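Engineer: Sequence isn't available, so here's the structure alone:
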Ligand SMILES: Nc1ncnc2c1ncn2[C@@H]1O[C@H](COP(=O)(O)OP(=O)(O)OP(=O)(O)O)[C@@H](O)[C@H]1O
Ligand SMILES: Cc1ncc(CO)c(N)n1
């Protein structure tokens, strides 16, 4: 008996990201989230990090032409409905990604400008910031920085919700269609506000701030959940609304791992999650 013949091909999303050996963030978090959202996830690996719950102790980059080749291989055969980027490591990899994005159809393009791990380990070379600004942002449907990335990219130190709006305006000037300034790192704010801006209108996404330790991978989970809706043709505000709700529930479902910071978990979305 042949099995699986009757199933339809699900929507397909590509993540261009680094591997986290601890499985908490990076492409592992992306694939987990995409799966939980009913999407077939594909990967263009940019770097292999040596990482656990205590932090990153090093990484090795994948050659830039191999990153581009992975993108083109899946685009020309499987087809890409939407794409997100995570850790890109270097200017050479960013240049290769920009080139590939121009050659093949990658669908709505979400750039999460990952610069450092939550423990402060640098995941992007200093000289790559300019490549992010000039090569990726103008090609992006949506850019999703946290507040540390906002400071590195724009020089703006966000201390309030009003500053989040100013930062969104400054970031939008680099040419993306939309910007989402995430407020998870605005520690004095009793809630977590994410501010979306398209150059004319602000849309605010307000959620709770849970008092939890284990928030590793929250940014990756949010951007992947957003892609899982963009690939189905939703607008950016609709997809962000879904993503915000999804990440809040995933923070609530986070679990301890190792001796450091555990991951947020999209498993709450699966039936029989407790096995
Ligand atoms: N303690 C929390 N409780 C609820 N929501 C949170 C919490 N921390 C972050 N979030 C939400 O998770 C998402 C990611 O936010 P954050 O600003 O922490 O991004 P990030 O720093 O890129 O994440 P990462 O931890 O993956 O590096 C946002 O929607 C944010 O509002
Ligand atoms: C590989 C990788 N990507 C992204 C992050 C940021 O969450 C991380 N810690 N590791």
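Structural biologist: Alright, I've got the coordinates. What you see is a predicted model; the values in this text were computed from it and never measured. Ligands and ions are numbered 1, 2, ... in the order given.

Engineer: Closest approach to ligand 1 from the stretch 1-150 of the chain, which residue is it?
Structural biologist: Per C-beta to the nearest ligand atom, residue 146 is where the stretch 1-150 of the chain lies closest to ligand 1, at 3.4 Å. From N, CA and C alone the C-beta is placed, and that goes for glycine too.

Engineer: check contacts around residue 25.
Structural biologist: Each residue near residue 25 by C-beta atoms under 8 Å, 6 or more residues apart in numbering is listed here: 51, 117, 216, 217, 219, 220, 263.

Engineer: Secondary structure of residue 66: a strand, I assume?
Structural biologist: No - using DSSP: H, G, I helix; E, B strand; the rest coil, the assignment for residue 66 is helix, not a strand.

Engineer: what comes up buried for the helix or strand residue 48 falls within?
Structural biologist: Residue 48 is part of strand 40-52 when elements are defined by DSSP states H and E. Neighbour-count burial for strand 40-52 flags 40, 41, 42, 43, 44, 45, 46, 47, 48, 49, 51, 52 (criterion: 16 or more other C-beta atoms under 10 Å).

Engineer: need the contact list for the first one.
Structural biologist: It stands for residue 40. By C-beta under 8 Å, 6+ apart, residue 40 lies in contact with 9, 10, 11, 12, 13, 34, 78.

Engineer: Hmm, the third one is touching residue 39, no?
Structural biologist: I take that to be residue 11. Yes - applying C-beta atoms under 8 Å as the test, residue 11 and residue 39 come out as touching, 5.2 Å apart.

Engineer: got any residues that touch both of the two?
Structural biologist: Shared contacts of residue 11 and residue 39, defined by C-beta under 8 Å, 6+ apart, are found at 228, 231.

Engineer: How about the residues of the stretch 101-250 of the chain by ligand 2?
Structural biologist: Neighbours of ligand 2 within the stretch 101-250 of the chain, by C-beta under 6 Å from any ligand atom: 114, 117, 217, 219, 220.

Engineer: Where do the helices of the stretch 1-150 of the chain begin and end?
Structural biologist: Using DSSP state H, counting those that start in this stretch, the helices of the stretch 1-150 of the chain run over 26-36, 64-77, 91-103, 129-131, 147-154.

Engineer: Looking at the ones you listed, which one is packed in the most?
Structural biologist: Per residue and on average, the most neighbours among these fall to helix 26-36, with a mean of 25 (mean count of other C-beta atoms under 10 Å).

Engineer: quick check: angle from the top helix by length along the chain to helix 26-36?
Structural biologist: Criterion DSSP state H: the longest helix present in the chain is helix 236-252. Interaxial angle of helix 236-252 relative to helix 26-36 (axes from the mean of the first three to the mean of the last three C-alpha atoms, to 10 degrees): 100 degrees.

Engineer: Pretty sure residue 238 sits against residue 232.
Structural biologist: No - when contacts are counted by C-beta under 8 Å, residue 238 is not listed as touching residue 232 (9.6 Å).

Engineer: and the closest residue to ligand 1 within the stretch 51-200 of the chain, what is it in contact with?
Structural biologist: Closest approach of the stretch 51-200 of the chain to ligand 1 (C-beta to the nearest ligand atom) occurs at residue 184, with a separation of 2.4 Å. With contact set as C-beta under 8 Å, 6+ apart, residue 184 has these partners: 146, 147, 192, 215, 218, 219.
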